[in-house]
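Undergrad: Structure of the sequence below:
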Amino acid sequence: MRHHSAIWIAALAGDLLLASSSRAQTAAPPASYQADSLRLSGRPWHAAETLLAAARRDPNPNAFLIVEGAKAEVHAKRYEHARTLLAGQPWLLDYLDGEALALLGQAEYGVGRFAEAAAHFEMARARAPAARVPLLAVRAGLAFDAAGQTDSAAAAFAAARAGGKLASIDTWLRVRQARVSRDTASADQLLADLPAPAARDAPVARARSLLLAGDTTRALDAFVAAGKGGSLDAVRLALATGDSARARTMLYGLLARDPLSDDAAAGVSLALGPLPPRAAAEHVAMARALNRRGSLRDARIHFEHALRKGDSSAATLLLYGELLVSSGLLREAVRAFAGAARDSTARPLATYRRARVLVRLGDSTAIPALSGFAERYPTDSAAPGALYIMGDMQDGRDDWVQAGRWYGELIKRYPADARASLARFRLAAHAEATGDPDSAASLYQAEIDATGPQRTAARFWLGKMAAARGDSAKARSIWLALAREDSLGYYGMRARRETDLPPLAFAAPSGAPPPPSPAVAAGLARIDTLLLAGLDSEAQAEVRVVLAHPPADLDARLAWSEGLGIRGYGSAAVRLGWQAALLAPGDTRVLRAIFPWPNRAAVEAEAQEFGVDALLLVALVRQESVFDVQALSPAGARGLAQLLPSTATLMARGLDVAFYPDWITVPDLNLHLGAAHLAELLRRFGRIDAAVAAYNAGPTPVRRWLERAGANDPDRFIELIPYPETRGYVRTLLRNRELYRALYEP
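TA: As a prediction, the model looks like this:
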């Protein structure tokens, strides 16, 4: 179990009810009320900091303050802090209905002290009111299971199921009980006729039961048959039974097949220990798994082992070359790609990648390499890219004769390609800058005629050109049509501003939304119960079912979207919003589901603290993570504001904030650091477009782009951002800000 930091609003409702009842018996210091307000507004980290500060000021903090402080620490994933606050307190056993004991159990579970956690959950269960007893039994069962005390775990799960108070999650509890049962007949009975999605976990549960019963042969076969969920268990069991050959085959098969999975991450430790790679293919599989986790140096070592063992295949050399590029070893990468090019099937890809590295090196042979590739492989999907790169290189050197040559070749050969669209805009911008508006207008019109991906941008720029030559009537006509036809797009909104149309606005939804239907309410309640019981992965499985089988009616889709959003499943909520758009695309409620603001109080508070526009910050969060608190990018950025650990650490140091890598997905801490980072970029660049570009691409390239001719014009600056991802990011984020203004401001 991992702590589900996505429970933004009163996640542990039972805890809050108990806390309110404890206040009736204990004088609560003012800090506790402030902390409650912070926690309820989705700011658990701030709540923890408030209570810690109060405790430091009070030489003799009372039990209530300590418990509330520990509660805030648990919500902020600072488990060791919470454990330190509670462990050894003389009043621990007697504090209201076992509340402090349960909290200590959560903290101990969070730091991996499972046996102690189980004991404290059991002690809390003995003191808790009847409504909380089953939930505490589930938490005790999870802790016993993690501690290897399976008989106690089975008893705890059976106790949780007794009486039917957790009937809504009973199918999941049956799976949990079966996996810790030594009685395989009982386990089979528990797993019989399980409905989806719990049925998916039944094969692994059955295999675990067989293992506990001592039937290792059948257990191993069952783990293998379970597939993805049982892969690593199968490896460990084969190793434990002395079948290291089978363990090795399964382990390296897993690493090669699914290097990004949690099982592969755990399997790396086995490959570093009892099952080190021997064959070349095993070294390659190990390198892939390490590379996906950012361990570039270790991955490179394993690739080099594979090469020394005779694996000079094109596939290995291509992977090795990409790793060398990521490591900054560009000359070595050139040699690796040249080796891969000896294989005729890999030659086009290897040739192109080698040429790209030569560009980064500034090598004089880069242009011949790219042009040769484009001539030799005209049907390859990378051929338009090669022509564009050559044009871009010469563009960067201000050699417009050669830049025009390559951009022109690209447009002629591949008129519908997205890079041809970029080439038209580069040429048009240059034509405007050199006093040739007719050529620029022809290029923009060509983009429209080719129905290119930037045709709305081309229409906007035709309007700007008409305005520049004094034809305000034509400019206004172009922009009014664009504002009408692309009303929700970036250029449609820009056109509104150019024509002095009022900002985009939507009528507020009339009346209160209807209450969720009984089916939706029951589904959300089931997810809440799973989260309160500590069954986070099971809750996620329930969410996946809703996404795969959304309800048929609009109100139900919107209710699910809102409910999942406030529980931290932001990307799932937005996906349901898009599914609702299939039924009512013009409904304001649907637009709010696609552009939700589930954590508004927290975003507004962070924006105010750092002096940034709250609409800009929420637009950034929507673009970066879609409000998914656990979001992880391929580059390793984490959380709502998608911060790299290095950036988060740097910002925390500058703010004098205690920070550990495990805290990076704490919602309000991530927002706090993200807002600080955005504020710093706004101060550094003094303009929103450049600051937003730097948030995505980093400050160094943005400083270089600002030195280009015409960069003082925000429209021109955005248009000529050379990174397609960053260019789209800036447009989308600025569009999102206007949509949030229209949807949520009066």
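Undergrad: if I pick Pro197, what's in contact with it?
TA: When contacts are counted by CB atoms under 8 Å, 6 or more residues apart in numbering, Pro197 touches 541-542, 544-545. Using the backbone N, CA and C atoms, a C-beta is placed for each residue, glycine as well.
Undergrad: Show the buried residues in those.
TA: Buried subset of these (neighbour count, 16 or more other CB atoms under 10 Å): 541-542.
Undergrad: Same list (the contacts of Pro197) but as CSV, adding pLDDT, secondary structure and distance to Arg575.
TA: Converted to CSV, the contacts of Pro197 look like this (pLDDT from 0 to 100; DSSP: H, G, I helix; E, B strand; the rest coil; distance: CB to CB, whole Å):
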residue, pLDDT, secondary structure, distance to Arg575
Ala541, 96, helix, 16
Glu542, 97, helix, 15
Arg544, 96, helix, 11
Val545, 96, helix, 13
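Undergrad: any weak-confidence spans in the stretch 451-600 of the chain?
TA: Along the stretch 451-600 of the chain, no part satisfies pLDDT under 70.
Undergrad: which residues are in contact with the host helix or strand of Phe717?
TA: Using DSSP states H and E, Phe717 sits in helix 714-719. Residues external to helix 714-719 that are found in contact with it (CB under 8 Å, 6+ apart): 425, 429, 457, 460-461, 464, 494, 687, 689-690, 693, 705-706, 708, 710-711, 727, 730-731.
Undergrad: In strands, which of those appear?
TA: Residues of the contacts of helix 714-719 located in strands (DSSP state E): none.
Undergrad: Mind giving me the PyMOL command for buried ones among the residues you listed?
TA: A single PyMOL command selects the buried members of these (16+ other CB under 10 Å):
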select buried, resi 425+429+457+460+461+464+494+689+690+693+705+706+708+711+727+730+731
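Undergrad: Among the contacts of helix 714-719, which ones are in helices?
TA: 425, 429, 457, 460-461, 464, 494, 689-690, 693, 705-706, 727, 730-731 (DSSP state H).
Undergrad: how about the residues you listed, which pair is most distant?
TA: Phe460 and Leu706 (21.7 Å; CB to CB).
Undergrad: Surely Tyr491 is in contact with Trp461?
TA: No: taking contacts as CB atoms under 8 Å, Tyr491 lies outside contact range of Trp461: 9.0 Å.
Undergrad: helix, strand or coil for Leu640?
TA: Using DSSP: H, G, I helix; E, B strand; the rest coil, the structure places Leu640 in coil.
Undergrad: pLDDT score assigned to it?
TA: For Leu640, the pLDDT comes out at 94.
Undergrad: Spell out for me which residue occupies the centre of this protein.
TA: Ala631 (1.6 Å; CA atoms, centre = their mean).
Undergrad: show me the contacts for it.
TA: The neighbours of Ala631, taking CB under 8 Å, 6+ apart as the test, are 570-571, 624-625, 637-640, 642.
Undergrad: same question, Gln579
TA: Taking CB under 8 Å, 6+ apart as the test, what Gln579 contacts is 550, 557.
Undergrad: Can you get me a residue count around the nearest residue to Arg347 once chain neighbours are set aside?
TA: Leaving aside its chain neighbours, Arg347 sits nearest to Ala341 (4.8 Å; criterion: CB to CB, 6 or more residues apart in numbering). Counted with other CB atoms under 10 Å, residues neighbouring Ala341 total 20.
Undergrad: could you say which helix or strand contains Gly565?
TA: Secondary structure assignment for Gly565, by DSSP H and E: helix 554-566.
Undergrad: Enumerate the positions of that helix that are buried.
TA: By 16+ other CB under 10 Å, the buried positions in helix 554-566 come out as 554-566.
Undergrad: Just the CA atoms of that helix, as PDB, please.
TA: C-alpha atoms of helix 554-566 as PDB (Å, rounded to 0.1, in the frame of the first residue of the first chain):
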ATOM      1  CA  LEU A 554     -24.600  13.100 -19.600                       C
ATOM      2  CA  ASP A 555     -25.400  13.800 -15.900                       C
ATOM      3  CA  ALA A 556     -23.800  10.600 -14.800                       C
ATOM      4  CA  ARG A 557     -20.600  11.200 -16.800                       C
ATOM      5  CA  LEU A 558     -20.300  14.700 -15.400                       C
ATOM      6  CA  ALA A 559     -21.000  13.500 -11.800                       C
ATOM      7  CA  TRP A 560     -18.200  10.900 -12.200                       C
ATOM      8  CA  SER A 561     -15.900  13.500 -13.700                       C
ATOM      9  CA  GLU A 562     -16.400  15.900 -10.800                       C
ATOM     10  CA  GLY A 563     -16.200  13.200  -8.100                       C
ATOM     11  CA  LEU A 564     -13.000  11.700  -9.500                       C
ATOM     12  CA  GLY A 565     -11.500  15.200  -9.900                       C
ATOM     13  CA  ILE A 566     -11.900  16.100  -6.200                       C
END
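Undergrad: I'd like the next helix or strand past that helix.
TA: Sequence-wise, the next helix or strand downstream of helix 554-566 (DSSP H and E) is helix 570-581.
Undergrad: how far is that next one from where the chain is centred?
TA: Put simply, helix 570-581 sits 16 Å off its chain's centre (CA atoms, centre = their mean, to the nearest Å).
Undergrad: measure the residue lying closest to Ala573 once chain neighbours are set aside to Ala72 for me?
TA: Of all residues beyond its chain neighbours, the one nearest Ala573 is Gly565 (3.6 Å), with distances taken as CB to CB, 6+ apart. Using CB to CB, to the nearest Å, Gly565 is found at 23 Å from Ala72.
Undergrad: again with Asp668
TA: 11 Å.
Undergrad: So Asp311: helix, strand or coil?
TA: The three-state label given to Asp311 by three-state DSSP is coil.
Undergrad: so who does Ile287 touch?
TA: Quick fix: residue 287 reads Ala, not Ile. Taking CB under 8 Å, 6+ apart as the test, what Ala287 contacts is 299-300, 302-303, 306, 319-320, 323.
Undergrad: Now do the contacts for the residue nearest to Ala573.
TA: In this structure, Gly565 makes contact with 573-574, 596, 598, 627, judged by CB under 8 Å, 6+ apart.
Undergrad: Is it possible to get these out as TSV so that each row also shows neighbour count and distance to Ala234?
TA: Shown next, in TSV, are the contacts of Gly565 (neighbours: other CB atoms under 10 Å; distance: CB to CB, whole Å):
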residue	neighbour count	distance to Ala234
Ala573	27	36
Val574	21	37
Pro596	25	41
Pro598	23	40
Phe627	28	37
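Undergrad: and those residues as TSV, adding distance to Ala119?
TA: Output for the contacts of Gly565, formatted as TSV (distance: CB to CB, whole Å):
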residue	distance to Ala119
Ala573	38
Val574	42
Pro596	41
Pro598	37
Phe627	37
